[in-house]
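Colleague: Structure for this input, please:
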Amino acid sequence: MANAMLNIRIVQPRMMSIKQAADYVGLPLRRFPRICTVRPVALPESEERYDIRDLDQWIDQIKVGGADTDADILGRLG
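Modeller: All right, here's what the predicted structure looks like:
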């Protein structure tokens, strides 16, 4: 019997579309832009993309209670 070697490599993209970012953080696409305070990055000759590191940081802030709400941000603006 012949032996076959299967080499599978999964690459997680660092920059994600809005749909990928919403899926990554577990939010419905319609709610993601309203809830997530991470701003997308405008890449040259591309659509805007979300940086996975920014998304991870946002989630970590929520877990420790450090994420700003819209009211917090507006309050600081005066």
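Colleague: Least confident secondary structure element in this structure?
Modeller: Ranking every helix and strand in the chain by mean pLDDT, DSSP states H and E puts helix 70-77 at the bottom, with a mean of 72.
Colleague: Once you drop chain neighbours, what's closest to Ile35?
Modeller: Using CB to CB, 6 or more residues apart in numbering and skipping residues adjacent in sequence, the residue nearest Ile35 is Leu27, 6.1 Å away. Where you see a C-beta, it was placed from the backbone N, CA and C, and this is true even at glycine.
Colleague: The one you found against Arg34, yeah?
Modeller: No. Using CB atoms under 8 Å, Leu27 is not in contact with Arg34, being 9.2 Å away.
Colleague: Regarding Ile62, what is its secondary structure?
Modeller: helix (DSSP: H, G, I helix; E, B strand; the rest coil).
Colleague: Just the pLDDT for it.
Modeller: The per-residue pLDDT reported for Ile62 equals 88.
Colleague: Let me know how buried it is, in neighbour terms.
Modeller: Using other CB atoms under 10 Å, Ile62 has 14 other residues around it.
Colleague: And the strands in this structure?
Modeller: Secondary structure of the chain (DSSP state E): strands at 15-16, 41-42, 48-51.
Colleague: Okay, now the unreliable bits of the protein?
Modeller: Scanning the chain with the threshold set as pLDDT under 70 gives 1, 66-69, 73, 76, 78.
Colleague: Spell out the residue ranges of the helices in it.
Modeller: Along the chain, the stretches classed as helices by DSSP state H are 18-25, 32-35, 52-63, 70-77.
Colleague: Let's have the ones you listed in a markdown table, adding distance to Glu45.
Modeller: Output for the helices of the chain, formatted as a markdown table (distance: least, CB to CB, whole Å):
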| stretch | distance to Glu45 |
| --- | --- |
| helix 18-25 | 18 |
| helix 32-35 | 23 |
| helix 52-63 | 21 |
| helix 70-77 | 31 |
